[in-house]
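Student: Next comes the sequence, and after it the predicted model I'd like to discuss.
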Amino acid sequence: ILITALSSYLMARREFQIEQKFQRESAEKLGDIIRESVDLAYRTEGHQGIVKAVKTHATETGRLSYRWVWFDVSVNDPNRPAAPVETLGNILEGDTASVVTAHNGVNELKTYYPIDVAGDDADHPRKGAIEVSGSLESAWQGSWQAVKTGLFAMAAMTLFCIAFVAWSGIRLIGRPLGRLVDQTRRIGDGDYSTPLELKTGDEFSELAAALNQMSGKIADQQHRIENETTARMATMEQLRHADRLKTVGRLAAGIAHEIGTPLNVVSGRAGLIRSGRLSPEELAESAAAIQSEASRIESIVRQLLGFARHTPPHRKQVDLRGLLERTSQLLKTMAAKNGVEISLTFADDTPFTASVDESQIQQVVTNIMVNAIQAMPGGGEVTATLIHLAKTDNFSPHGSGMICIGIRDNGPGMDQETMDQIFEPFFTTKDVGQGTGLGLSIAYGIVEEHGGRITVESSPGKGTAFEIVLPRESSG
Ligand code: ADP
Ligand code: MG
């Protein structure tokens, strides 16, 4: 637009200059012709004589009109120049002048060619001039036409460009880009199997190829991760089972002793009955004793088997109070051997039920309690507690409230360096054959899987306190 405006302006100016030059030349030509004769014409016929002379010599072309004007007449005189003298520069000294005037809304260019007329007084000639007028409209019309043509061409070109850019933009960029966006969405949604075929032959098809390659790699990696995860889960499950069996072995040693007492009672009573020296009442009493001892043995064996059995993990509503009671019962013999006493304290009578895998949580509690017992070979106390944590508690991501199982002992405790490592697999401070170093790492894994956390507080000589926080509801 700027360039068109500038060129139009220059064009109009040129037209104007051509017109001005043409007027000047016409005025000078006429002036030169009549300069000699005006004095005589004026002297013989006065003003009319000059007018006549101008008329005869001027070649009226229709475009220009010629007139004789005086500078020394009054303002209202019809023979005064149409333009004021001040606008005509050095006209009175003999210079030709051009000026643009507006008459009834029509722009005219007027050129004045001054001629001195020697009247009565030769020393004071009258000042007059030939006035050549011509309309500028035709000249300006021409340039306005050129401007209009230029503007129209420009508008047409702009529209064409917009249309072309829009069309080619949609065809060359919009469509392939849309397909690429769709493809990335598909990949985001986990569909790696549909490759994108873009045959545009430019960067877009390169991008599509790269995208296909990427989704192929992601699919491979995902496959590998899935395989690895399955393998890892299987290994973890095996480790858990192995750890459990190890504990069972230790428990069995203690329990063999435990079973020994009821077995003595059973065989003693059986001997009494066999002797036939018992009264019917004594007979019934001995049979009842045998029955109760036998069922005690049976329950111990059943617990042991239940713990050792390899069961797949599955959650259900579990009463944690009962779970703690059963576990401490199971460990009683082992604890008694070390002179350790296990006591349970519960904050209130409300049920402590949580959606957990029973055998896994039992394994967690067992591992921690066994550690506590093993840490106190010279006797001590293990205390287990259950506390409800409110929903508003810092650590309650599931909104259903949490239950905290606390297990503390008054054993030797641990220093910070040991504490930093206890959850690492195979970390143990125990002799070979005594500890596997797996108990706490397995406990950690199980609690994590339940969406809970496990923490420890301890210092040398001050005992050890473990806290297991479990959400009451599984997070799904
Ligand atoms: P392991 O019992 O086979 O050594 P764990 O993972 O169960 O493996 O425990 C790791 C280590 O943590 C133990 O070797 C012990 O040093 C330390 N530890 C665990 N519980 C206690 C505790 N109650 N008191 C002192 N040390 C403990
Ligand atoms: Mg252990």
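Tutor: Arrived safely, thanks for sending. Because the structure is predicted, anything quoted here is derived from the model rather than measured. Numbers count the residues shown, from 1 in each chain. Ligands and ions are numbered 1, 2, ... in the order given.
Student: Any regions of the stretch 151-300 of the chain where pLDDT drops low?
Tutor: Applying pLDDT under 70 to the stretch 151-300 of the chain picks out residues 254, 257.
Student: check contacts around whatever residue of the chain ends up closest to ligand 2.
Tutor: Here the chain gets closest to ligand 2 at one residue, Gly439, 3.0 Å apart by CB to the ion. All C-beta spots, glycine's among them, are computed from the backbone N, C-alpha and C. Residues near Gly439 by CB atoms under 8 Å, 6 or more residues apart in numbering: Asp243, Thr247, Asn367, Ile368, Val370, Asn371.
Student: helix or strand right after whichever strand or helix holds the fifth one?
Tutor: Following DSSP states H and E, one finds Val370 within helix 358-375. Next helix or strand after helix 358-375 toward the C-terminus (DSSP H and E): strand 380-389.
Student: Just list what that next one packs against, helices and strands only.
Tutor: Where contact means 3 or more CB pairs under 8 Å, 6 or more residues apart in numbering; DSSP states H and E, strand 380-389 is packed against helix 320-338, strand 340-346, helix 358-375, strand 402-409.
Student: Let me know whether the first one sits next to ligand 2.
Tutor: So that's helix 320-338. No. Counting by CB under 5 Å from the ion, ligand 2 has no neighbours in helix 320-338; the shortest distance is 12.3 Å.
Student: what comes up buried for that helix?
Tutor: 320-321, 323-324, 326-328, 330-336, 338 (16 or more other CB atoms under 10 Å).
Student: Next: the last one.
Tutor: Of the residues in strand 402-409, Met402, Ile403, Cys404, Ile405, Gly406, Ile407, Arg408, Asp409 count as buried by neighbour count, 16+ other CB under 10 Å.
Student: which strands and helices sit next to that strand?
Tutor: Judged by 3+ CB pairs under 8 Å, 6+ apart, strand 402-409 is in contact with helix 320-338, helix 358-375, strand 380-389, strand 464-471.
Student: Save the ones you listed as JSON lines, and put in distance to ligand 1 and mean pLDDT too.
Tutor: Formatted as JSON lines, those follow (distance: least, CB to the nearest ligand atom, whole Å; pLDDT from 0 to 100):
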{"stretch": "helix 320-338", "distance to ligand 1": "12", "mean pLDDT": "91"}
{"stretch": "helix 358-375", "distance to ligand 1": "3", "mean pLDDT": "93"}
{"stretch": "strand 380-389", "distance to ligand 1": "9", "mean pLDDT": "94"}
{"stretch": "strand 464-471", "distance to ligand 1": "4", "mean pLDDT": "96"}
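Student: May I see these organised as TSV, with distance to Thr428 added?
Tutor: Shown next, in TSV, are these (distance: least, CB to CB, whole Å):
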stretch	distance to Thr428
helix 320-338	18
helix 358-375	10
strand 380-389	20
strand 464-471	15
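Student: didn't Gly119 look like it was pressed against Arg126?
Tutor: Yes. Judged on CB atoms under 8 Å, Gly119 makes contact with Arg126 at a distance of 5.1 Å.
Student: Who has more neighbours out of these two?
Tutor: More crowded of Gly119 and Arg126, by other CB atoms under 10 Å: Arg126, with 19 against 13.
Student: Just give the nearest non-adjacent residue to the more buried one, would you?
Tutor: Val117 (4.6 Å; CB to CB, 6 or more residues apart in numbering).
Student: export the longest strand along the chain as CSV, just CAs?
Tutor: Counting by DSSP state E, the longest strand found in the chain is strand 106-117. C-alpha atoms of strand 106-117 as CSV (Å, rounded to 0.1, in the frame of the first residue of the first chain):
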residue,chain,number,x,y,z
VAL,A,106,-12.4,22.6,-9.8
ASN,A,107,-8.7,22.8,-9.5
GLU,A,108,-7.0,24.9,-12.1
LEU,A,109,-3.4,25.6,-12.9
LYS,A,110,-2.8,29.2,-13.9
THR,A,111,0.5,30.5,-15.3
TYR,A,112,1.2,34.2,-15.5
TYR,A,113,3.7,35.6,-18.1
PRO,A,114,4.3,39.3,-17.1
ILE,A,115,4.6,42.0,-19.8
ASP,A,116,5.2,45.7,-19.1
VAL,A,117,3.0,48.0,-21.2
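Student: Which neighbouring elements make contact with the helix or strand just after it?
Tutor: Downstream of strand 106-117, the next assigned helix or strand under DSSP H and E is strand 126-135. On a contact count with 3+ CB pairs under 8 Å, 6+ apart, strand 126-135 meets helix 2-45, strand 64-70, strand 106-117.
Student: partners of strand 126-135 in the sheet?
Tutor: If you go by DSSP bridges, strand 126-135 pairs up with strand 64-70 (antiparallel), strand 106-117 (antiparallel).
Student: right, so of those strands, which gets closest to Ser98?
Tutor: Nearest of these to Ser98, taken as CB to CB: strand 106-117 at 4.7 Å.
Student: still on that earlier bit, give the contact list for the residue nearest to Arg126.
Tutor: By CB under 8 Å, 6+ apart, the residues touching Val117 are Val38, Asp39, Tyr42, Ile50, Pro125, Arg126, Lys127, Gly128.
Student: make it 10 Å
Tutor: 35, 38-39, 41-43, 47, 49-50, 68, 70, 125-128 (CB atoms under 10 Å, 6 or more residues apart in numbering).
Student: What subset of those residues is buried?
Tutor: Applying 16+ other CB under 10 Å to the contacts of Val117, the neighbour count classes Val38, Asp39, Ala41, Tyr42, His47, Gly49, Ile50, Trp68, Trp70, Arg126, Lys127, Gly128 as buried.
Student: so, if you compare those residues, which one comes nearest to Ala253?
Tutor: Among these, and counting by CB to CB, the member closest to Ala253 is Lys127, at 145.5 Å.
Student: Okay, and the beta partners of the closest one?
Tutor: Going by DSSP bridges, Lys127 is paired in beta bridges with Asp116.
Student: is it true that it touches Leu88?
Tutor: No. Using CB atoms under 10 Å, Lys127 is not in contact with Leu88; the gap is 11.2 Å.
Student: so what sits against both of the two?
Tutor: Counting by CB under 10 Å, 6+ apart, the residues touching both Lys127 and Leu88 are Phe71, Pro114.
Student: For stretch 219-226, which residues meet the burial criterion?
Tutor: Using 16+ other CB under 10 Å as the test for burial, stretch 219-226 gives no buried residues.
Student: Please apply the same query to stretch 340-350.
Tutor: Val340, Ile342.
Student: Now that stretch - C-alpha only, CSV.
Tutor: Provided in CSV are the C-alpha atoms of stretch 340-350 (Å, rounded to 0.1, in the frame of the first residue of the first chain):
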residue,chain,number,x,y,z
VAL,A,340,11.0,-62.3,76.4
GLU,A,341,7.4,-61.4,77.2
ILE,A,342,5.0,-60.3,74.5
SER,A,343,2.2,-58.0,75.6
LEU,A,344,-0.6,-56.5,73.6
THR,A,345,-2.3,-53.2,74.4
PHE,A,346,-5.2,-51.8,72.3
ALA,A,347,-6.2,-48.1,72.5
ASP,A,348,-10.0,-48.8,72.6
ASP,A,349,-12.6,-51.5,72.1
THR,A,350,-13.5,-50.4,68.5
